[in-house]
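In: Using only what follows, build the 3D model:
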Amino acid sequence: MIGDPRAEVLKAADVIILDEVSSLHKEVLFYIDRLLCDIDPANKELAFAGKIVILGGDWKQAAAIPNKRSFRFIYNNLVHDQQWEASVKNSKYFRSDRGNKPIFETTRLTINNRVITGQEHFKNWLKVIGTGHNVDHNHSERIEVPQNLCALNKADLINFVFPPEVLQDPMNPDNVKKLQGSAILASRNDEVMNIHQSIMDSINGEERIYQAVHRAYEDHPMDALAVNVDDANIEHMMRKDPSGWPPSKLKLKVGAIMLLIRNISIDQGLCNGTRVQIAELYPDNDNIIKCRHVTGERGERGEEFYLFRYDFQRGGDERENQTGGIRISRFQFPLRPGFALTINKAQGNIINLKIKFLNYIISI
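Out: As a prediction, the model looks like this:
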């Protein structure tokens with residue numbers, strides 16, 4: 001690692017900034033600490049090799065999601081929440097018990113520079129939600145939402161966020177600006193898929209389906225039985241769309257808003273979590289599509305780029321719910337729905353604020 005250009009950049013850094021830290025697993029801080037000490041042995045006795053580390057975030061926002069089936073467990077007759085166990089706030093860098101001394105000093109921001117005239121009441125209402133002060137006492141895990149913020153049904157929610165006239169001509173420059181500043185948030189991936197497909201159905205044009213190519217990795221590839229096992233494993237994974245993977249059957253239309261789920265080129269602004277628009281699909285080529293930036297300066301200029309399929313691999317761990325210990329790869333475009341996003345995936349995106357609630361679905 002020593003001598004690697006990337007390691008030298010980190011070693012020369014005086015300050016490291018980590019934003020949206022509330023959604024990170026506490027082990028991430030530990031790995032960063034260990035990495036910095038490994039590339040700077042002279043300061044390995046100091047936390048983070050003696051560098052200034054600034055953490056940004058809001059504890060009321062999305063928490064870390066542990067990779068477990070159950071979010072609660074019992075230990076020493078106490079009920080523990082695995083999200084709390086995984087939280088950065090529960091790491092040794094913040095805790096003051098067990099002989100630890102917190103190494104971070106907390107500074108609170110008190111002025112919201114993004115609130116515009118007329119939004120003060122809504123801002124205060126959000127703060128009350130974050131502290132849990134407006135919980136319905138008859139239903140301990142529910143809050144009361146003002147009637148004017150509620151959608152009647154899913155169609156009402158979609159029409160509020162994405163007006164039909166916008167979806168009829170999504171490539172119009174004025175409509176592109178409206179699309180880039182709107183999204184529907186949901187807490188679960190299945191709801192994201194469902195809402196995104198409903199919006200896709202409202203877009204004019206032909207829908208194309210791109211089928212992923214799967215490959216299973218066995219310990220004995222020349223074994224005749226292993227070949228049959230591979231076929232069964234591939235068929236099993238074709239029905240699954242694990243988090244962090246593109247869909248097995250990726251449905252696209254020209255004008256659709258999608259989300260990149262892989263770091264492709266930081267220089268070109270093609271990073272994990274970037275929203276893009278489908279600009280062109282090629283009937284005679286299933287391995288390339290043309291996309292358009294819709295955010296930032298590149299979005300203002302309407303810059304386009306070509307996108308290819310990439311290989312996604314996972315598995316080999318028997319504790320993994322989706323693959324069941326099978327090591328498998330999926331060859332697919334690195335895209336997931338962009339009209340609708342999970343709340344965690346929306347972290348860091350800049351979206352114009354419009355609020356409507358439908359059960360556990362939020363539009364912004």
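
In: Could you pull out the helices in the stretch 101-250 of the chain for me?
Out: Along the stretch 101-250 of the chain, counting by DSSP state H, counting those that start in this stretch, helices occupy 120-131, 154-161, 164-168, 173-180, 189-200, 224-238.

In: Specify the beta-bridge partners of residue 210.
Out: Here residue 210 sits in beta bridges with residue 250, as judged by DSSP bridges.

In: meant to ask about residue 18
Out: With beta bridges defined as DSSP bridges, residue 18 has these partners: residue 55.

In: distance of it from residue 102?
Out: Relative to residue 102, residue 18 is positioned 16 Å away (criterion: C-beta to C-beta, to the nearest Å). For the C-beta atoms, the positions are set from N, CA and C on the backbone; glycine is no exception.

In: do residue 174 as well
Out: 50 Å.

In: So which of residue 18 and residue 102 has more stuff around it?
Out: residue 18 (15 against 12; other C-beta atoms under 10 Å).

In: I'd like the distance between that one and residue 263.
Out: With the distance defined as C-beta to C-beta, residue 18 ends up 17 Å from residue 263.

In: now swap in residue 296 and tell me
Out: Counting by C-beta to C-beta, the gap from residue 296 to residue 263 is 16 Å.

In: same check, this time on residue 209
Out: Shown here: residue 209 relative to residue 263, a distance of 26 Å by C-beta to C-beta.

In: Confidence-wise, which helix or strand of this structure is lowest on average?
Out: Within the chain, no helix or strand scores below strand 72-75, which has a mean of 48 by mean pLDDT, DSSP states H and E.

In: Tell me how many other residues surround the residue nearest to residue 301 when sequence neighbours are not counted.
Out: Setting aside the residues directly before and after it, residue 301 is nearest to residue 293 in space (C-beta to C-beta, 6 or more residues apart in numbering), at 7.7 Å. Around residue 293 there are 23 other residues, counting by other C-beta under 10 Å.

In: show me the contacts for residue 293.
Out: The neighbourhood of residue 293, defined by C-beta atoms under 8 Å, 6 or more residues apart in numbering, consists of 269, 274, 276, 277, 299, 301, 302, 303, 304, 305.

In: beta partners of it?
Out: Beta bridges link residue 293 to residue 276 when assigned by DSSP bridges.

In: distance of it from residue 313?
Out: For residue 293, the distance to residue 313 - C-beta to C-beta - is 28 Å.

In: And residue 209, by the same measure?
Out: In terms of C-beta to C-beta, residue 209 sits 23 Å off from residue 313.

In: now swap in residue 151 and tell me
Out: In terms of C-beta to C-beta, residue 151 sits 39 Å off from residue 313.

In: With neighbour numbers in mind, choose between these two.
Out: For residue 151 and residue 313, the more surrounded residue by other C-beta under 10 Å is residue 151, and the numbers stand at 20 against 13.

In: confidence score at the more buried one?
Out: For residue 151, the model assigns a pLDDT of 79.

In: Quickly note the distance from the closest residue to it other than its chain neighbours to residue 311.
Out: Of all residues not flanking residue 151 in the chain, residue 157 sits nearest, at 3.9 Å (C-beta to C-beta, 6+ apart). Counting by C-beta to C-beta, the gap from residue 157 to residue 311 is 36 Å.

In: do residue 45 as well
Out: Distance, residue 45 to residue 311, using C-beta to C-beta: 41 Å.

In: what number of residues lie near residue 17?
Out: Other residues close to residue 17 by other C-beta under 10 Å number 11.

In: what do you get for residue 83?
Out: Residue 83: 16 neighbours (other C-beta under 10 Å).

In: just for this structure, where's the confidence low?
Out: For the chain, the stretches flagged by pLDDT under 70 are 1-2, 62-81, 96-100, 114-116, 130, 132, 134-142, 218-238, 316-326, 347-364.

In: domains for it, by residue range?
Out: The record's domain parsing of the chain by automatic domain parsing lists 5-90, 112-140, 145-364.

In: okay if I get the ones you listed as CSV plus distance to residue 106?
Out: Below are these laid out as CSV (distance: least, C-beta to C-beta, whole Å):
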stretch, distance to residue 106
domain 5-90, 9
domain 112-140, 16
domain 145-364, 20
